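Asker: Sequence plus the predicted model coming up.
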Amino acid sequence: MDMNFTIPVNEAFEKSAANPACGCPLCSLYRKLEEDELDLILGASMMEPAIRIRTNKSGFCRTHYDLMFTRKNRLGMALTLESHLAELKKEIRDGGLGGGMGSKPIKRIGELESTCYICDRIGHNFDNMVDTAVYLWETDPRFSIKLKSQPYFCLPHYRMLLQVGQKRLGKRRIGAFASQCAAVVEKYMETIEKDVSWFCKKFDYRYDKEPWYNSKDAVERAFKFLRSDIHNK
């Protein structure tokens, strides 16, 4: 567990507790990590030989290609792609003039489809942040109050909290931790379920004159709850 993450984790939980519009605090932490990595890879890191070796090997997922492209550094992207394509061309060449059986490109492209330089970098640090959140709950009574005050945890991050909790807390304390997390999630699930149902009713003429209440953005909020809200697009 990396103690360097205690400050950002505390800050994210405090912000979400104070302002429900901030949403899942772990989504906020993920987005911050992602922004930092995008800044680095399109900045000074781009020309470092050690980084170029790693990006040539891992490439990037489609989501992060898109996010890098929207940052308008097309020359930086082109330089990275030039190096990556030159190396990849050699790696997927299958045999000599007579060709091969396709095994080499199948293997290399399969590897490439399962890796992303930015995802890998974020994943390592984000795992440490989730671990830090459980550690803080275990060691700091004030953090328990922050956790119970969250607007919600998205389902993927709820799962991660429970899994890390099971590993870190043991049988004596996991029940209390799981109950606190479940209370946050179940309360929000009831709210979003009600809002989505009301959104559907508003398309029935019998409810035409009724107010929307808090349902106008219910579909978008349901997406974020079910699958997280981790990319700034």
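Answerer: Nice, I can see it. Small disclaimer: the values here were computed from a predicted structure and weren't measured.
Asker: ok, Thr132 touching Thr6?
Answerer: Yes - counting by CB atoms under 8 Å, Thr6 is a contact partner of Thr132 at 5.8 Å. C-beta coordinates here come from the backbone N, C-alpha and C atoms, glycine included.
Asker: Those two: who's more crowded?
Answerer: A direct count of neighbours by other CB atoms under 10 Å for Thr132 and Thr6 places Thr132 higher, at 23 against 18.
Asker: what sits against the residue nearest to that one when sequence neighbours are not counted?
Answerer: Leaving aside its sequence neighbours, Thr132 sits nearest to Phe5 (CB to CB, 6 or more residues apart in numbering; 4.2 Å). Going by CB atoms under 8 Å, 6 or more residues apart in numbering, Phe5 touches 125, 128-129, 132.
Asker: any idea how far the helix or strand bottoming out on mean pLDDT in the chain is from the chain center?
Answerer: Taking mean pLDDT, DSSP states H and E as the measure, the chain has helix 74-91 as its least confident helix or strand, at a mean of 91. Helix 74-91 sits 26 Å away from the centroid of its parent chain (CA atoms, centre = their mean, to the nearest Å).
Asker: So that it lines up with my notes, have the first residue be 39 from now on.
Answerer: All right, first residue 39 from here; so that's helix 112-129.
Asker: who does the following helix or strand past that helix touch, helix- and strand-wise?
Answerer: Per DSSP states H and E, helix 112-129 leads on to helix 141-151 as the next helix or strand towards the C-terminus. Packing partners of helix 141-151 (3 or more CB pairs under 8 Å, 6 or more residues apart in numbering; DSSP states H and E): helix 112-129.
Asker: One more pass at 10 Å, please.
Answerer: Contacts defined by 3 or more CB pairs under 10 Å, 6 or more residues apart in numbering; DSSP states H and E place helix 141-151 against helix 87-96, helix 112-129.
Asker: Turn these into a markdown table, including mean neighbour count and distance to Met106.
Answerer: Shown next, in a markdown table, are those (neighbours: other CB atoms under 10 Å; distance: least, CB to CB, whole Å):
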| stretch | mean neighbour count | distance to Met106 |
| --- | --- | --- |
| helix 87-96 | 15 | 11 |
| helix 112-129 | 14 | 6 |
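Asker: Dump these into TSV; add distance to Lys145 as well.
Answerer: Shown next, in TSV, are the helices and strands packed on helix 141-151 (distance: least, CB to CB, whole Å):
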stretch	distance to Lys145
helix 87-96	14
helix 112-129	9
